[in-house]
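Novice: show me how the following folds:
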Amino acid sequence: MRADARSNHERILAAARALFASDGADTQVDAIARRAGVGVGTVYRHFPDKDALMGALVRERFIAFNEQLREAISKGEQQPFAALCEALRANSTALAEDAGTRFAFMRGGERVFAHAHDEVEEYLALTNVLVDRAKRAGSVRPDFDVADVPMLMCGVCATIDAGKGGAGWDWRRHLELVLAGMAAAVAEPSVTSGGTP
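Specialist: Residues are numbered from 1 along each chain as shown. Sure, this is the predicted structure:
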C-alpha cells in the first residue's frame, strides 16, 4: 500500500472507531468519510461496506490480543494459569478502552469476524497453549476448554457496556469472578493478583 493510501486507510479506521463508539449502528459511511477527511469513494475503495470496516477493527484488536498472549506464553512457564489470567485481564482492559471495537465485537456477527479469521484462529491456538499448560499443572478446572474463552470475553464486553449505562456493574469484578470459577480447587496463589477480590 502506498504511503498516501496507507494514511487514508488509517484515518478511515480511526474515524470508524470513534463513530462506532458514539453512534453505534446509526454510523453512516458518509459521516466516517467526513471525519476522516476523505471522499466517500475513498472509503469504499478501502472497505466495501460497514462489515468490512468493523472487521478491520476486530482484526487490529486480535493482532494486539495475540501479541499479549505470546508475551504471556514466553513468561508463564512456571505459573501458566496466572499467565492466562493476566493475559485475559490485559485484553479485557484494552477492550474497555476501545468502545468502537467493542461495538464491532458485540454487534458484528459472522460476516465481521470473517475479516479476522486468521487472527482469531491464532488467538485460539495461543490461548490453548496456556490452557494446556495450566491443565498439566492442575491449576485450571479440567472441564475448562479454550472454546470457553470467546464466551468469557463476550460476557466481559457486555458487562463493560452495562456499567457505562449507569447500572453500576464493575466489569473487573465480573472478570475476577469468572477467573476464579476457571481455577481448579487448589490454584496458584497469584491468580487474583492485581484484581478485585
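
Novice: helices of the protein, start to end?
Specialist: 3-23, 29-36, 40-46, 50-75, 80-96, 99-107, 110-113, 117-137, 148-162, 171-182 (DSSP state H).

Novice: now render those as JSON lines, adding mean pLDDT and mean neighbour count.
Specialist: (Glycine included, C-beta is placed from N, CA and C.) Output for these, formatted as JSON lines (pLDDT from 0 to 100; neighbours: other Cβ atoms under 10 Å):
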{"stretch": "helix 3-23", "mean pLDDT": "92", "mean neighbour count": "17"}
{"stretch": "helix 29-36", "mean pLDDT": "95", "mean neighbour count": "18"}
{"stretch": "helix 40-46", "mean pLDDT": "95", "mean neighbour count": "16"}
{"stretch": "helix 50-75", "mean pLDDT": "94", "mean neighbour count": "19"}
{"stretch": "helix 80-96", "mean pLDDT": "93", "mean neighbour count": "22"}
{"stretch": "helix 99-107", "mean pLDDT": "91", "mean neighbour count": "22"}
{"stretch": "helix 110-113", "mean pLDDT": "92", "mean neighbour count": "15"}
{"stretch": "helix 117-137", "mean pLDDT": "95", "mean neighbour count": "17"}
{"stretch": "helix 148-162", "mean pLDDT": "88", "mean neighbour count": "17"}
{"stretch": "helix 171-182", "mean pLDDT": "92", "mean neighbour count": "18"}
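
Novice: quick one, domains of the chain?
Specialist: Domain assignment of the chain by automatic domain parsing yields the ranges 1-48, 50-197.

Novice: for the closest residue to G39 other than its chain neighbours, what are its contacts?
Specialist: In this structure, G39 finds its nearest non-sequential neighbour in A33, 6.1 Å apart by Cβ to Cβ, 6 or more residues apart in numbering. Residues near A33 by Cβ atoms under 8 Å, 6 or more residues apart in numbering: 12, 15, 39-40, 42-43.

Novice: what are the phi and psi values at the closest residue to A83 other than its chain neighbours?
Specialist: Spatially, and ignoring its direct neighbours in sequence, A83 is nearest to G76 (2.3 Å; Cβ to Cβ, 6+ apart). Per-residue torsions, G76: phi -110, psi 30 (degrees, to the nearest 10).

Novice: can you name the residues that contact G76?
Specialist: The contact partners of G76, by Cβ under 8 Å, 6+ apart, come to 82-84, 86, 130, 133.

Novice: mind saving the C-alpha coords of stretch 8-25 as PDB?
Specialist: What follows is stretch 8-25 as a C-alpha-only set of coordinates in PDB (Å, rounded to 0.1, in the frame of the first residue of the first chain):
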ATOM      1  CA  ASN A   8      -6.100   7.200   4.300                       C
ATOM      2  CA  HIS A   9      -6.700   3.600   5.500                       C
ATOM      3  CA  GLU A  10      -5.600   4.600   9.000                       C
ATOM      4  CA  ARG A  11      -7.600   7.800   9.100                       C
ATOM      5  CA  ILE A  12     -10.700   5.900   8.000                       C
ATOM      6  CA  LEU A  13     -10.300   3.300  10.600                       C
ATOM      7  CA  ALA A  14      -9.700   5.900  13.300                       C
ATOM      8  CA  ALA A  15     -12.900   7.700  12.200                       C
ATOM      9  CA  ALA A  16     -14.900   4.500  12.200                       C
ATOM     10  CA  ARG A  17     -13.700   3.500  15.600                       C
ATOM     11  CA  ALA A  18     -14.700   6.900  17.000                       C
ATOM     12  CA  LEU A  19     -18.100   6.900  15.300                       C
ATOM     13  CA  PHE A  20     -19.000   3.300  16.100                       C
ATOM     14  CA  ALA A  21     -18.200   4.300  19.800                       C
ATOM     15  CA  SER A  22     -20.600   7.300  19.700                       C
ATOM     16  CA  ASP A  23     -23.300   6.300  17.200                       C
ATOM     17  CA  GLY A  24     -23.200   2.500  17.100                       C
ATOM     18  CA  ALA A  25     -25.500   1.000  14.500                       C
END
